[in-house]
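Student: attaching a predicted model along with its sequence, questions to come.
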Amino acid sequence: MHRVFKAGIAILAAAVMTTGALAADWTPPGPIKLIIAFRAGGGVDTQARLIAEELEGRLGWKFIPEQVTGKGGMNMASALKDMPNDGTAIGMGVTETFGYNMAAAPKSGMTPADFTGLTTTAGFQMGVVSPASKGWKSFDDLVAAAKGGEDIRFGVMSPRLADLAYLLGKAQGVEFNIVSVKGGKAVLDGVNAGDLDVGFMAGIQGKGVAAGDLVNLASALSEPLVQTPDAPTFADLGVDFNSDGYFVFVGPAGMPAEARDALAAAIAEIVADENSKAGGLIKKAFGGSATISGDDLTVLMNNDYKDAGALLDAASE
């Protein structure tokens with residue numbers, strides 16, 4: 001994953017430098033339907049709409065945002081799959097949709113090959129987060145509470161994260177009470193209200209952590225969290241899997257290279273610009289843009305799909 005990310009950064013640099021030329025070479029043949037995989041007001045929706053607004057202002061392209069939510073982005077993918085692949089229909093969701101969620105739902109008949117990856121915008125800053133009021137300063141404090149008999153209500157917002165929470169508890173010799181809710185905002189609200197003791201949050205916790213109201217106990221990534229680099233990673237805690245993932249734009253399979261490259265480059269330029277609304281949001285919430293496009297994004301999506309099988313098997317043991 002880290003190797004692909006570095007390659008993606010190189011592609012971003014080239015793409016940003018050539019955005020003007022690409023946009024001049026390709027113009028969408030009509031308004032672009034932008035299908036958004038998650039609820040209004042969430043991280044995906046806010047990014048998608050701010051990016052579309054900026055593209056309309058910079059390039060004059062017309063966007064028609066449409067919410068198609070549910071099933072962890074699978075409903076968006078299903079709606080997008082058979083739409084025109086000329087660049088007039090794209091979707092925004094998360095890479096988890098094209099990895100774990102598709103692998104876990106073989107009856108859907110969908111795989112990453114049914115889509116054209118355009119570009120990622122940012123990586124998740126997925127942490128295991130507790131309220132400061134619990135008094136836990138470290139992940140060890142959480143484990144000690146669980147081993148002391150406390151019922152730990154662990155909030156998750158997807159089946160993949162439920163599997164990871166189970167494996168995390170197993171590695172530590174404890175059993176969490178895993179509570180599934182709809183979306184990261186629901187986890188945040190549950191933790192703040194005291195209905196959850198701890199939960200996964202993918203960047204939404206930043207403000208609370210900075211204010212001292214929330215604590216990042218662990219990084220659920222393969223690398224440390226930007227905001228709390230001393231928090232242990234899942235590998236440090238004995239878990240062979242992680243929640244690495246990205247916000248991503250995709251199109252239907254078979255999109256012409258000129259359309260794919262122009263869309264990817266234009267989006268990458270905006271999210272890298274911290275003076276744009278979208279770029280500023282991404283910097284604040286997710287530590288900055290992380291763009292992977294072209295062949296590297298195809299490899300990433302395919303590898304996520306293949307690797308999901310190992311996680312499903314481990315969580316079923």
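Tutor: Cool, the structure landed. Quick caveat, the model's predicted, so the values are computed rather than measured.
Student: where exactly do the strands run in this structure?
Tutor: Secondary structure of the chain (DSSP state E): strands located at 32-36, 63-67, 89-94, 115-123, 126-131, 153-156, 177-180, 198-202, 214-219, 246-252.
Student: how close does D163 sit to N303?
Tutor: 18 Å (C-beta to C-beta, to the nearest Å). C-beta here means a position set from N, CA and C on the backbone, and glycine is covered the same way.
Student: before we move on, back to that, wait, which of the strands of the chain is closest to F286?
Tutor: Closest approach to F286 among the strands of the chain is made by strand 115-123 (4.0 Å; C-beta to C-beta).
Student: nearest residue to G208 other than its sequence neighbours?
Tutor: L214 (3.5 Å; C-beta to C-beta, 6 or more residues apart in numbering).
Student: kindly report the same for Q125.
Tutor: Using C-beta to C-beta, 6+ apart, the nearest residue to Q125 is G203, at 4.1 Å.
Student: gap between the one you found and K71?
Tutor: From G203 across to K71, the span is 22 Å (C-beta to C-beta).
Student: the more surrounded of those two?
Tutor: The neighbour comparison of G203 against K71 (other C-beta atoms under 10 Å) goes to G203, with 23 against 14.
Student: phi, psi for the more buried one please.
Tutor: phi 120, psi -20 (degrees, to the nearest 10).
Student: quote the end-to-end distance of stretch 144-153.
Tutor: Terminal residues of stretch 144-153 lie 14 Å apart, using C-alpha to C-alpha, to the nearest Å.
Student: and for stretch 109-127?
Tutor: 32 Å.
Student: ok, stretch 176-184 next?
Tutor: End-to-end distance for stretch 176-184, by C-alpha to C-alpha: 18 Å.
Student: buried ones in that stretch?
Tutor: Neighbour counts over stretch 176-184 (16 or more other C-beta atoms under 10 Å) mark F176, I178, V179, V181, G183, G184 as buried.
Student: and the first one, what does it touch?
Tutor: Neighbour list for F176: A146, I152, R153, F154, A165, Y166, L168, G169 [criterion: C-beta atoms under 8 Å, 6 or more residues apart in numbering].
Student: likewise the second one?
Tutor: Taking C-beta under 8 Å, 6+ apart as the criterion, I178 is in contact with F154, V156, A162, A165, Y166.
Student: any idea which of those is closest to F249?
Tutor: For these, the nearest to F249 is V156 (25.2 Å; C-beta to C-beta).
Student: report pLDDT for the closest residue to the closest one other than its chain neighbours.
Tutor: Once flanking residues are discounted, V156 sits nearest to A162: 4.7 Å by C-beta to C-beta, 6+ apart. Note on A162: pLDDT of 97.
Student: any idea how many residues pack against A162?
Tutor: Around A162 there are 19 residues (other C-beta under 10 Å).
Student: can you check R58 too?
Tutor: 16.
Student: ok, which of the strands of the chain comes nearest A235?
Tutor: strand 214-219 (9.4 Å).
Student: off-centre distance for the closest one?
Tutor: Taking C-alpha atoms, centre = their mean, to the nearest Å, the mean C-alpha location of strand 214-219 is offset from the chain mean by 18 Å.
Student: which residues does that strand contact?
Tutor: 126-132, 134, 136-139, 141-142, 191, 198, 201, 205, 208-209, 225, 227-228, 231-234, 236-237.
Student: of those residues, grab the buried ones for ChimeraX.
Tutor: A single ChimeraX command selects the buried members of the contacts of strand 214-219 (16+ other C-beta under 10 Å):
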select :126,127,128,129,130,131,134,136,139,142,191,198,201,205,208,209,225,227,228,231,232,233,234,237
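Student: just the ones of the contacts of strand 214-219 in helices?
Tutor: Counting by DSSP state H, the contacts of strand 214-219 place F139, D141, L142, V191, G208, V209 in helices.
Student: residue contacts, the last one?
Tutor: Contacts of V209 were listed using C-beta under 8 Å, 6+ apart, and they are V129, V215, N216, Q227, T228.
Student: correct me if wrong: the fourth one contacts A210.
Tutor: Yes: between Q227 and A210 there is a contact at 7.4 Å, judged by C-beta atoms under 8 Å.
Student: what's the pLDDT at A14?
Tutor: Looking at A14, its pLDDT is 44.
Student: ok, longest helix in the protein?
Tutor: helix 294-315.
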